[in-house]
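Q: Got a sequence here, can you build the structure:
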Amino acid sequence: MNASSFPTGSRGLYSPPSETVVLKRMSLAVLYRGSVSNLPIKRFSQTSLDRPRFLIRKENCVQVLCGRKREIPVLEAGCMDDVYNALAERLVRTAAASNFHFKHIVGLAGTPGSGKSTLAFEVARRVNTLWPQKSFLLDSSVEPPDVALVLPMDGFHLYRHQLDAMEDPEEAYARRGAPWTFDPELLLRCLRTLRNEGSVYAPSFDHGVGDPVEDDIFVNFQHKVVIVEGNYLLLEEGSWKEISYLFDDKWFIEVDIDKAMQRVLKRHISTGKPPDIAKWRIEYNDRPNAELINKSKTNADLVIKSIDFSS
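A: Numbers count the residues shown, from 1 in each chain. Sure, this is the predicted structure:
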């Protein structure tokens, strides 16, 4: 039995027979509306103790839910270009077949140094390149607009004056980048507006000044794919949990934490921090944040294996 032959009801729920073969893991395989794209899949048969209760389809993603543990597909490849291309194809297949008003919002989470921003912008660029070839909605005589956009979570940092007003401003600056130095309620309102109205103005972040720039990013009606990238998008605490409910697809980019911290260390030094200060900041702020973020991986619909970009 292959993925496309799984019988489902009106809400995509499936109750498997006693010896169902289910999808366990992807190796550069992306599941499109229940079908598998070209690449090898590892399969296994469930025993009576861990047989999945049901299989849920979410537009272009298959999740296997077991009685005790949810199996999350894993995307990996020999180079990141292959990963970018596979993810772009995944998004285009969903968005191109949808109605005009459809907007597919992806939440991309990962630790500092995991490559979130690079992945988000590379996938969006490839979606915009592929879109004219796939969409039946386009007039071939008209230059197609960009349909994919990246919305970074950086714009939702608290302002410096808000950090100054805290009980311990020195600690607030030292821990800037921790969850409590962001404004998740503002991000939640922004995403709700986008979902309900189809467009929204969002802030960016000026690293030179160290503050958000209000209304600097305009997500409009032409954008059918919006990739929201940030550290804490899959947390299950307070407003972060409500934010994660708004995503159509939840991705987590995974990288070895020591490798990620080496990347962050180089970034700190490149911006002018002395090596000893950069190392202190890693141990005091970046690594604890990364350890917290890694715990949210279990809330993803897809785990993406990050490798060195030069590989």
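Q: now stretch 236-251: mean pLDDT?
A: Averaging pLDDT along stretch 236-251 yields 95.
Q: what do you get for stretch 158-177?
A: Rounded mean pLDDT across stretch 158-177 is 96.
Q: got the buried residues for it?
A: Neighbour-count burial for stretch 158-177, counted by 16 or more other CB atoms under 10 Å, picks out 158, 160, 163, 172, 175-177. C-betas here are computed from N, CA, C, even on glycine.
Q: what residues does it touch?
A: 112, 157, 181-183, 210-212, 231, 281, 284-286, 289 (CB atoms under 8 Å, 6 or more residues apart in numbering).
Q: Give me the pLDDT for Val21.
A: 28.
Q: Check which residues of stretch 254-267 are buried.
A: Here stretch 254-267 shows 254-255, 257, 260-261, 263-265 as buried, counting by 16+ other CB under 10 Å.
Q: Run through who's touching it.
A: 110-115, 278-279, 282, 286-287, 290-291, 294, 297, 303-308.
Q: just to revisit the earlier point, filter the buried residues of stretch 158-177 down to the ones in strands?
A: Judged by DSSP state E, these include no members of strands.
Q: Out of those, the closest to Asp206 would be?
A: The shortest gap between Asp206 and any of the buried residues of stretch 158-177 belongs to Arg160, at 11.1 Å (CB to CB).
Q: now that closest one: how far from Asp211?
A: 6 Å (CB to CB, to the nearest Å).
Q: and of the buried residues of stretch 254-267, the nearest to Leu191?
A: Glu254 (23.7 Å).
Q: Now for this structure, the helix or strand with the poorest mean pLDDT.
A: strand 41-45 (a mean of 29; mean pLDDT, DSSP states H and E).
Q: and the least confident of the contacts of stretch 158-177?
A: Where pLDDT dips furthest among the contacts of stretch 158-177: Gly210, at 91.
Q: burial measure for that residue, as a count.
A: Residues within reach of Gly210, counting by other CB atoms under 10 Å, total 13.
Q: same deal with Phe221?
A: Phe221: 12 neighbours (other CB under 10 Å).
Q: low-confidence ranges in the chain?
A: 1-69, 98-100, 134-144, 309-311 (pLDDT under 70).
Q: Mind doing that once more with 90?
A: Where the chain drops to pLDDT under 90, the residues are 1-71, 76-78, 93-102, 131-146, 207-208, 271, 306-311.
Q: where does the longest helix seen in it sit relative to the chain's centre, distance-wise?
A: Assignment by DSSP state H gives helix 116-134 as the longest helix of the chain. Here helix 116-134 is found 14 Å from its chain centre; the criterion is CA atoms, centre = their mean, to the nearest Å.
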